[in-house]
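Engineer: Can you look at this prediction? I've put the sequence above it.
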Amino acid sequence: MLSHSVKRFQLPLFFLLCLVISWTVWIPQAVTRLSNTQTPVAGGSPLNMLAVWAPALSAILLSRVMDGKAGLRALFHRLRRWRVAIHWYLFILLYPAAIWFLARAIDALFGRSFEFTIPILTYFPPQQAYMVAVALVFAFPNTLGEELGWRGFALPRLQAKYNALVSSIMLGLFWAVWHIPMWLANDTMGLDLLRSVLTITTYAIIFTWIHNNTGGSVLLAWLFHASTTITQYILQIPLTLTDDMVRWGVAILVVVMAGSTHLSRHQERYRLPTEPLAG
């Protein structure tokens, strides 16, 4: 049966679908950009919405094929898990900015200075100032398109086979590879590309920590992703390693404090999305 075959190879199929859908859009953009650096990045192309929604679309398709409507209900169920301790909401909203300000304080201690700019205001010419509001609003559907796939579909299935840390690293590395054509189109190369891969992998550890401590809430992962994206729009990303080192340090601290097996104090067996959950 088709559903049985899909279930057997669901994770490889998920990752393959994500690459096929997204890279069909991003690779031509990257090639065009690399062949002519004067070509503007096609960030406003409607096809980019399809590309960033590739994880969610892949998860929806595979869930429907494997388990029918029940699979779709299970996939979307964790978007309703909002009843978590208030400190998790405070963390996901404040962490991205807190990291930035801590890194700036460390830079100041070492005598590093920089000119503050708001990145999103430099993306658009004055006659397109309205696009600032559009970009901020679209951060929410765009990040949902990723999180429904990454944390809604892939992470639970990885954790059913591997411990939380290994699952996070595997997902983080794929998440980074998935971004590479887009990064190349935006002139992220060499050491900057390596830094991006390492940083997004450490972020995957933080995402798993949040996910596993909030009952597998995809809603919290979505809000954290949106918070991170909007913070990057507003606060300048300086050309120092300080931000990355602080993020790496936080990820290491999480692993040490929460343990690599579960990244959580909840030591119970990890449930797949199709298994019933309380609440």
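Structural biologist: Sure thing, it's come through.

Engineer: what does stretch 208-215 contact?
Structural biologist: With contacts defined as CB atoms under 8 Å, 6 or more residues apart in numbering, stretch 208-215 is touched by 78, 81, 84, 88, 91-92, 151, 155, 159, 164-165, 167-168, 171, 217-218, 220-221, 224, 254, 258, 262-266, 270, 277, 279. In this view, the C-beta of every residue, glycine as well, is placed from N, C-alpha and C.

Engineer: any residues touching the host helix or strand of Asn48, and which ones?
Structural biologist: Here Asn48 sits within helix 47-52, counting by DSSP states H and E. Helix 47-52 has contacts (CB under 8 Å, 6+ apart) with Ile21, Ser22, Thr24, Val25, Trp26, Ala42, Leu57, Pro141, Asn142, Gly145, Glu146, Met182.

Engineer: Using CSV, write out the CA atom coordinates for it.
Structural biologist: Extracted in CSV, the C-alpha atoms of helix 47-52 (Å, rounded to 0.1, in the frame of the first residue of the first chain):
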residue,chain,number,x,y,z
LEU,A,47,7.2,32.1,-5.6
ASN,A,48,9.2,32.7,-2.4
MET,A,49,6.0,32.2,-0.4
LEU,A,50,5.8,28.7,-2.0
ALA,A,51,9.4,28.1,-1.1
VAL,A,52,9.2,29.0,2.6
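
Engineer: Could you give the average pLDDT over that helix?
Structural biologist: Mean pLDDT, computed over helix 47-52, is 90.

Engineer: Give me the packing partners of the following helix or strand past that helix, helices and strands only.
Structural biologist: As assigned by DSSP H and E, the chain's next helix or strand after helix 47-52 is helix 54-77. Judged by 3 or more CB pairs under 8 Å, 6 or more residues apart in numbering; DSSP states H and E, helix 54-77 is in contact with helix 2-8, helix 10-35, helix 130-149.

Engineer: how far is helix 54-77 from where the chain is centred?
Structural biologist: How far helix 54-77 lies from its chain's middle: 19 Å, per CA atoms, centre = their mean, to the nearest Å.

Engineer: Quick check: buried residues in that helix?
Structural biologist: Buried residues in helix 54-77, counted by 16 or more other CB atoms under 10 Å: 54-60, 62-67, 71, 74-77.

Engineer: quick one: contacts of whichever helix or strand comes after that helix?
Structural biologist: Counting by DSSP H and E, the element after helix 54-77 in chain order, helix or strand, is helix 86-109. Helix 86-109 is contacted by residues 113-114, 206, 210, 213-214, 220, 223-224, 227-228, 231-232, 235, 238, 240, 242-243, 246-247, 250 when judged by CB under 8 Å, 6+ apart.

Engineer: switch the cut-off to 6 Å
Structural biologist: Thr214, Leu223, Phe224, Ser227, Thr228, Thr231, Leu235, Thr242, Asp243, Val246 (CB atoms under 6 Å, 6 or more residues apart in numbering).
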